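Asks: here are the coordinates; sequence isn't available:
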């Protein structure tokens, strides 16, 4: 039997020791960090790749706020690729592939396509993609005959203001304002659709100056992958849709199949960053980095809805896991993502101080408006459902998706869940939650005298505390309002 001489520590076991600070305001603190080399986030936060946390709506908001969302993989390949496309269309300098519709379509078909694509207008084209007109929600909203052709309600090309494919953004803004337009189609010399600039996109650029964007001005998004043979097809479909980073998502990431998948992805698409995990020990970081991983996700059994440690007996308390893995990660130049165990902004600060570059959040975002978890009302209060991806129902859903068939009741007995289902209080919009969390990180960094996360790594000093110290840290001896 081998027993480590060191004690494993969780976030509640320690505090950070205040240091001299010359920082006059927490607004002077820079919270930016590398997700991977080449992708720097304005705020060091990712939304977890769970089916009750991150789909397109969450990923859009996360990127707009300066973080990033990782789309979960518990859906069909086509659905995941479509989710990527939604994120990439949500905000851009130029919509390179605007949604189009053929002239022969009906009002009903236009309504359906706009609803499915979550857009407010469609470019009308012929079979060779020549621009013929524009139809918007306003054109079809009050149309009484849903079967009438869109030709009768659309704005024809002759009445449209258009621009060339290389139209500068400032010029497009002026054209939209001058003519009081919402959409400016871009056409090439032969009249074919080359793109679209919308007033809404320009407004979004102004509203979200710190958004996480690619070189073409589109919001960045990551996609989770498994280690099955069809996950290469999943990766290809999502990459074609515009995905920016892959995450090989395995509960025990320090394993042969995870390493092989990382190697396959990097061999086929060496330019695409790959995050791999989860691990809880330094050797896992070394082996995944050697396979080509551009970042490693750390955390086994620390999540609020994870019971891996109870079921299997394995895991490392999260603060110790992050600190030990980060030491190796810094040596290798591989960013560490702390995943699990964070309940407060102070926990996020501790994870970053221990060496993580970014933190992945699940249950802290589960109750938000943008989370896809089902809403629940109990005793007059609103909640949202969250479940671990190793929970019983998640396992059943995964098997159903894999087999494309109904799972029999007796099949449930074969599953050994390592996660639970729960509900969390409704928390409002993600932007408000992130504001509070990032504000806490900024304050924490100022207490360390650190203007950057890299300085926080150098300045941080932890002190282990007792149960009494933990009680003393919260409000006590008062009746809270």
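Replies: In hand now; what should we look at? Just so it is clear, the structure is predicted and the values come from calculations on it, not from any experiment. Numbers count the residues shown, from 1 in each chain.
Asks: Any idea how far stretch 67-86 is from the middle of the chain?
Replies: 10 Å (C-alpha atoms, centre = their mean, to the nearest Å).
Asks: average pLDDT for that stretch?
Replies: The average pLDDT for stretch 67-86 rounds to 96.
Asks: Would you mark the buried spots in that stretch?
Replies: For stretch 67-86, a neighbour-count test (16 or more other C-beta atoms under 10 Å) marks 67-75, 77, 80-86 as buried. All C-beta atoms are positioned from the backbone trio N, CA, C, and that covers glycine.
Asks: how far away is residue 130 from residue 136?
Replies: The spacing between residue 130 and residue 136, counted by C-beta to C-beta, to the nearest Å, is 19 Å.
Asks: Look at the two and report which has more neighbours.
Replies: Shown here are residue 130 and residue 136; by other C-beta atoms under 10 Å, residue 136 has more neighbours (18 against 15).
Asks: Dihedrals phi and psi, the spatially closest residue to the more buried one that is not a sequence neighbour?
Replies: Using C-beta to C-beta, 6 or more residues apart in numbering and skipping residues adjacent in sequence, the residue nearest residue 136 is residue 121, 3.9 Å away. Residue 121 adopts backbone torsions of phi -170, psi 160, taken as degrees, to the nearest 10.
Asks: do the same with residue 45
Replies: Torsion angles, degrees, to the nearest 10, at residue 45: phi -130, psi 130.
Asks: Double-check it against residue 358; I have them as touching.
Replies: Yes - under the criterion of C-beta atoms under 8 Å, residue 45 makes contact with residue 358 at 6.6 Å.
Asks: got the buried residues for stretch 153-172?
Replies: The neighbour-count check on stretch 153-172 (16+ other C-beta under 10 Å) flags 153-155, 157, 160, 162-163, 167, 172 as buried.
Asks: List the contacts of it.
Replies: Stretch 153-172 is touched from outside by 93, 107, 124, 131-136, 139-140, 143, 175, 179, 181, 184-188, 194-195, 197, 202, with contacts defined as C-beta atoms under 8 Å, 6 or more residues apart in numbering.
Asks: quick one: contacts for residue 82?
Replies: Residue 82 neighbours (C-beta under 8 Å, 6+ apart): residue 241.
Asks: could you redo the last one with a cut-off of 10 Å?
Replies: Taking C-beta atoms under 10 Å, 6 or more residues apart in numbering, we find residue 82 in contact with 56, 75-76, 116-117, 237-238, 241.
Asks: Which one (most neighbours) among these?
Replies: residue 238 (26 neighbours).
Asks: Using the three-state scheme, assign residue 170.
Replies: When classified by DSSP: H, G, I helix; E, B strand; the rest coil, residue 170 comes out as helix.
Asks: Distance of residue 341 relative to residue 456?
Replies: Distance of residue 341 to residue 456, computed by C-beta to C-beta: 18 Å.
Asks: Excluding residues flanking it in the chain, which one is nearest residue 350?
Replies: residue 11 (5.2 Å).
Asks: For stretch 8-25, buried residues please.
Replies: Residues 9-16, 23 are the ones in stretch 8-25 that count as buried (16+ other C-beta under 10 Å).
Asks: just stretch 135-148 next, same as before
Replies: Going by 16+ other C-beta under 10 Å, stretch 135-148 has these buried residues: 135-136, 139-140, 143.
Asks: Out of these, which comes closest to residue 5?
Replies: residue 136 (68.4 Å; C-beta to C-beta).
Asks: That closest one contacts residue 119, correct?
Replies: Yes - contact criterion C-beta atoms under 10 Å: residue 136 and residue 119 qualify, at 9.3 Å.
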